[in-house]
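Chemist: Starting from these lines, generate the structure:
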Amino acid sequence: MEQLGTIQLETERVILRRFTLSDSEGIYKNWTSDDAVTQYLTWQTHQSIADSKAFIEAVSAGYDDKTSYNWAICLKSNPDAPIGSIGLGRFNEALHSVEVGYALGKAWWRQGIMSEAFAAVISFAFKELKINRLVATHHLGNPNSGKVMEKCGLKYEGVLRQAGLDNQKRFVDLKQYSILATDYII
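Modeler: You can find the predicted model right below:
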């Protein structure tokens, strides 16, 4: 397994790039302050632009580390305005495994944008990082996230009982999906 860090990725409609401090107001406006977006995530809705700035500072601090992968999702038509985020984490070097997590502003739901961004990250993970297994989970109350995973070629594996926390720090069940290098056609 190789490590390259958060490098810019592009698709037909989307640019995946590093966050910058100038993104603070945009991410707050576009998704981090929206309860509809954060209700199934592990972090609480941001109450101020300062919360979003702190998030970006934390993410940016990891960019010098080649094992940090946190992208701002931007439309090519407006590359300075992030509409979501996607990242890789929970690396298991022995198993060449990684987990992906993502969030997208409500105004951009059901347009195929997250599937497009996720597909780019999957391609990067298999082709460049040489992983063997990519895993994603979602809160049972968020079946549309599972649809994104299936659209991107991940296979449903089952329910993990009380394997996660919601944004109120309550235990929640998660549905788990994965894709293997042998499933992915390079």
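
Chemist: got the CA coordinates for the lowest-mean-pLDDT helix or strand in the chain in CSV?
Modeler: The weakest-scoring helix or strand in the chain, judged by mean pLDDT, DSSP states H and E, is helix 35-38 (a mean of 93). In CSV, the C-alpha atoms belonging to helix 35-38 read as follows (Å, rounded to 0.1, in the frame of the first residue of the first chain):
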residue,chain,number,x,y,z
ASP,A,35,-29.2,19.6,10.4
ALA,A,36,-30.5,17.6,7.4
VAL,A,37,-27.0,16.9,6.3
THR,A,38,-25.4,16.2,9.7
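
Chemist: which residues sit against that helix?
Modeler: The contact list for helix 35-38, computed with C-beta atoms under 8 Å, 6 or more residues apart in numbering, reads Trp31, Thr32, Gln44, Thr45, Ala103, Leu104, Gly105, Lys106, Asn167. The way it works is simple: take the backbone N, C-alpha and C, and place the C-beta from them, glycine included.

Chemist: Among those residues, name the buried ones.
Modeler: For the contacts of helix 35-38, a neighbour count by 16 or more other C-beta atoms under 10 Å gives the buried set as Trp31, Thr32, Thr45, Ala103, Leu104, Gly105, Asn167.

Chemist: where does Asn30 land in three-state SS?
Modeler: Three-state call for Asn30 (DSSP: H, G, I helix; E, B strand; the rest coil): helix.

Chemist: What separation do you get for the closest residue to it other than its chain neighbours and Ile27?
Modeler: For Asn30, ignoring the flanking residues on the chain, the nearest one in space by C-beta to C-beta, 6 or more residues apart in numbering is Gly105 at 4.1 Å. From Gly105 over to Ile27 the distance is 9 Å, taken as C-beta to C-beta, to the nearest Å.

Chemist: cool, and Lys169?
Modeler: Relative to Ile27, Lys169 is positioned 22 Å away (C-beta to C-beta).

Chemist: of the two, who's got more company?
Modeler: Ile27 (26 against 8; other C-beta atoms under 10 Å).

Chemist: can you pull the buried residues of the strand or helix carrying the more buried one?
Modeler: For Ile27, the host element (DSSP states H and E) is helix 24-27. Within helix 24-27, the residues that count as buried by 16+ other C-beta under 10 Å are Ser24, Gly26, Ile27.

Chemist: Report the buried residues of the top helix by length along the chain.
Modeler: Secondary structure assigned by DSSP state H gives helix 113-127 as the longest helix of the chain. By 16+ other C-beta under 10 Å, the buried positions in helix 113-127 come out as 113-122, 124-126.
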